[in-house]
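J.: Structure of the sequence below:
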Amino acid sequence: MDKQNISYNVRHAQRTFRIRRQWILGMLLCALGMPHATAQEETPDYTKWSIHDGKFYVDGKWVFLKAAKPLINYADASNVSDLIKKLDILKEKHYNAIEMNCYWHHFDKNGDGIIDVSLMPLRSIINAVYNRGMYPCLSVETYAVGGGNIPDDFWSRNPDAYAIDSKGNQVSDTEYGFGTRVVSIYHEGYRNAVHRYISSLARGVDTRKILYFETTVEPQYMGNTAICYSENARREYNKWREENGITDAASAMPETFPMPQSFVKNETWNKFRAQFLARWVNEDAEAYRSVAGESAHVAVDYLDANESVQYLRDGNPIEFLRALTCANIIQINWTWNLETKSLNHKAYDRVWQVKNETGRDWAVAEHMTFNGNDFTNLTDEKRRLILENTLQRGTRFSWEFTNVNNSTADGFSLYYDDFTPKPTIATVDNNWDHWVERIAYWENQLSPVGSIQAEKTAPWTIYSINGTIVRHSPLPPGIYIINGRKTLVTRH
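T.: Predicted coordinates:
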């Protein structure tokens, strides 16, 4: 047999194998009542979209989202044009949702909340994504901890808007190293400006084509600095105490700096901080819905990792989640606990605790399932473990990847210049058929009828779900109605 025939036969065998594999996979998914994960619409139609029971559906069929978040300036026509040229490449890589993060200072130069630039580039990328049968998602970044920025002119008009630490000092972002000036979320002028910006942004686009809207990225105080003790904070706290009939001296804010640790860690003060943080986020959602309508879907990031500073970051995580009345989608950050170097189960546990006690129909997913920086030192095996955990502990709504851009030099980008995957995203892209099968597997396993029994075997809690041994239950202990029947989750 000559080389040409050998080459043809090899290609034919490979193609036959791929076809058979896809046929088997399709049969598996059909048997489970599911479409192919990351399916894309041939003819886009937003009237067929819905989010409920923790998942996204198109015309009643479940679609798992592989969401790309390219961090560019969406007010810049050149940046947007370049991204539009890359959409077909991203589609080939099975991305079916594009999250557009609109930094406040890119669109509003003087910080008054009114858009100062043309929204034509943003509209063009939304249309380009939608017309390809992919799903546009819109987010904003209006806080200055973790990479965002506040328009410079905002400060000249609001010199009293700084966040103040427990020693009485103005605060900059020393946690993430950006050095940006940190604003107090208790400042009414700040909140009014950012909510005006959000509603102005929404008015400038076709919100019907947006699958979901994300409130400000990573809402938090800070993880390494106790904030905020400004006069704006004092005013809001005193009003809250009065409304709730709280009069004890121990929880009153001291009149002078430095604030004692007994107050910084005071349970009442941190309950207020948690509830006000949620209020700020809820108001973000209201700004979107004032334009897009009450049925607009809203995603919120939930930060939970280093337990020793959790009270600094959000006051009280359970109180924050309970007060978060606006959300349809909770995006957990982080999937991997960088402090303990282990899977971050407690974040999921808290979300499920509040989801179950309130009966909220939350989709549970992640903010930055992977990014280009935090997972590079992990082995492929550990990255696979993280992905398995997200499927097991979430509702199998989506995976979100940041920064989906091709740049060898940029450490936060997931792809090299030629769009070949860097090691972190290679764990996903190079094994996509495998992950489609695992998505289907976990959906089947975690839709049980009957009891989930458990026995403790160090160092994990081992659960048997429908006869399959798994390391962790997707639900905290309790009684649930699953597939119309009572399901008992126990831990011994």
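J.: What strand or helix carries Glu42?
T.: In the assignment (DSSP states H and E), Glu42 maps to no helix and no strand.
J.: List the buried residues for the helix or strand containing Ile51?
T.: In the assignment (DSSP H and E), Ile51 maps to strand 49-52. For strand 49-52, the buried set under the neighbour-count rule, 16 or more other Cβ atoms under 10 Å, comprises 49, 51. All C-beta spots, glycine's among them, are computed from the backbone N, C-alpha and C.
J.: Could you do stretch 200-212 as well?
T.: Going by neighbour count (16+ other Cβ under 10 Å), the buried part of stretch 200-212 is 200-202, 204-205, 207, 209-212.
J.: ok, which pair from those residues is furthest apart?
T.: Ser200 and Leu211 (20.6 Å; Cβ to Cβ).
J.: Ends of stretch 408-426, what's the gap?
T.: When the termini of stretch 408-426 are compared using Cα to Cα, to the nearest Å, they are 14 Å apart.
J.: what comes into contact with stretch 122-130?
T.: 44, 46, 74-75, 80-81, 83-84, 87, 98, 100, 102, 135-136, 138, 201, 204-206, 209-210 (Cβ atoms under 8 Å, 6 or more residues apart in numbering).
J.: Out of those, which sit inside helices?
T.: Using DSSP state H, the subset of the contacts of stretch 122-130 located in helices is 80-81, 83-84, 87, 201.
J.: Now which of these would you call buried?
T.: 80, 83-84, 87, 201.
J.: Can you report how many residues lie near Arg393?
T.: 25 (other Cβ atoms under 10 Å).
J.: didn't it look like it was pressed against Lys346?
T.: No. The pair Arg393 and Lys346 does not pass the contact test of Cβ atoms under 8 Å, sitting 10.7 Å apart.
J.: For Leu324, which residues are in contact?
T.: Leu324 neighbours (Cβ under 8 Å, 6+ apart): 278, 281-282, 300, 330.
J.: Let me have those residues in CSV, adding neighbour count, secondary structure and distance to Tyr162 as columns.
T.: CSV is the format used below for the contacts of Leu324 (neighbours: other Cβ atoms under 10 Å; DSSP: H, G, I helix; E, B strand; the rest coil; distance: Cβ to Cβ, whole Å):
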residue, neighbour count, secondary structure, distance to Tyr162
Ala278, 23, helix, 22
Val281, 24, helix, 21
Asn282, 18, helix, 24
Val300, 24, strand, 25
Ile330, 29, strand, 30
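J.: out of those residues, who's nearest Glu175?
T.: Among the contacts of Leu324, Val281 lies closest to Glu175 (Cβ to Cβ), at 19.4 Å.
J.: wait, what's in contact with the spatially closest residue to Asn333 that is not a sequence neighbour?
T.: Nearest in space to Asn333, with sequence neighbours left out and distances taken as Cβ to Cβ, 6 or more residues apart in numbering, is His367 at 4.1 Å. Applying Cβ under 8 Å, 6+ apart, we find His367 in contact with 217-218, 301-302, 331-333, 400.
J.: Output the below-cut-off pLDDT ranges for the stretch 351-492 of the chain.
T.: 446-492 (pLDDT under 70).
J.: what separates Lys61 from Gln445, distance-wise?
T.: 20 Å (Cβ to Cβ, to the nearest Å).
J.: higher neighbour count, those two?
T.: Gln445 (16 against 13).
J.: Distance of that one relative to Ala67?
T.: To Ala67, Gln445 is 23 Å away according to Cβ to Cβ.
J.: My read is that Glu400 contacts Asn371, right?
T.: No. Assessed by Cβ under 8 Å, Glu400 is found out of contact with Asn371, at 9.2 Å.
J.: Could you check stretch 353-360 and say which residues are buried?
T.: 353-356, 360.
J.: CA atoms only for that stretch, dumped as PDB, please.
T.: Extracted C-alpha coordinates of stretch 353-360, given in PDB (Å, rounded to 0.1, in the frame of the first residue of the first chain):
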ATOM      1  CA  GLN A 353     -27.300  26.700  53.000                       C
ATOM      2  CA  VAL A 354     -29.000  30.000  52.100                       C
ATOM      3  CA  LYS A 355     -30.400  28.700  48.800                       C
ATOM      4  CA  ASN A 356     -32.100  25.900  50.600                       C
ATOM      5  CA  GLU A 357     -33.300  27.800  53.600                       C
ATOM      6  CA  THR A 358     -34.800  30.600  51.500                       C
ATOM      7  CA  GLY A 359     -36.000  28.400  48.600                       C
ATOM      8  CA  ARG A 360     -34.300  30.800  46.000                       C
END
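J.: Figure out how far it is from the centre of its chain.
T.: 18 Å (Cα atoms, centre = their mean, to the nearest Å).
J.: cool, stretch 150-168 as well?
T.: Relative to its chain's centre, stretch 150-168 lies at 27 Å (Cα atoms, centre = their mean).
J.: That stretch spans what distance, first to last residue?
T.: Start-to-end, stretch 150-168 (Cα to Cα) is 21 Å.
J.: cool, and stretch 248-257?
T.: End to end - Cα to Cα - stretch 248-257 spans 20 Å.
J.: One more: stretch 221-234?
T.: 16 Å.
J.: which residues touch that stretch?
T.: Contacts of stretch 221-234 (Cβ under 8 Å, 6+ apart): 145, 160-166, 168, 171, 173-175, 182, 184-188, 253, 257, 259, 264, 273, 277, 303, 306, 309, 312-315.
J.: Now, those that are in helices?
T.: 188, 264, 273, 277, 312-314.
J.: Can you give me the buried ones in stretch 68-75?
T.: 68-75.
J.: Repeat that for stretch 89-105.
T.: So for stretch 89-105, counting by 16+ other Cβ under 10 Å, buried means 90-91, 93-105.
J.: farthest-separated two in the residues you listed?
T.: Farthest apart among the buried residues of stretch 89-105 - using Cβ to Cβ - are His94 and His105, which lie 32.8 Å from each other.
J.: distance between the one helix or strand Arg191 maps to and the chain's centre?
T.: For Arg191, the host element (DSSP H and E) is helix 188-203. The chain centroid and the centroid of helix 188-203 are separated by 21 Å under Cα atoms, centre = their mean.
J.: Repeat that for stretch 187-205.
T.: On Cα atoms, centre = their mean, the centre of stretch 187-205 falls 21 Å from that of its chain.
J.: okay, it in CSV with CA atoms only?
T.: The C-alpha coordinates for stretch 187-205 follow below in CSV (Å, rounded to 0.1, in the frame of the first residue of the first chain):
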residue,chain,number,x,y,z
HIS,A,187,-21.2,57.4,50.1
GLU,A,188,-24.6,58.2,48.6
GLY,A,189,-23.1,60.2,45.8
TYR,A,190,-21.0,57.2,44.8
ARG,A,191,-23.9,54.8,44.7
ASN,A,192,-26.1,57.2,42.8
ALA,A,193,-23.4,57.7,40.2
VAL,A,194,-22.7,54.0,39.6
HIS,A,195,-26.3,53.2,39.4
ARG,A,196,-26.9,56.0,37.0
TYR,A,197,-24.0,54.6,34.9
ILE,A,198,-25.5,51.1,34.9
SER,A,199,-28.9,52.3,33.8
SER,A,200,-27.3,54.6,31.2
LEU,A,201,-25.3,51.7,29.8
ALA,A,202,-28.4,49.4,29.7
ARG,A,203,-30.4,52.1,27.9
GLY,A,204,-27.8,52.3,25.2
VAL,A,205,-28.0,48.6,24.1
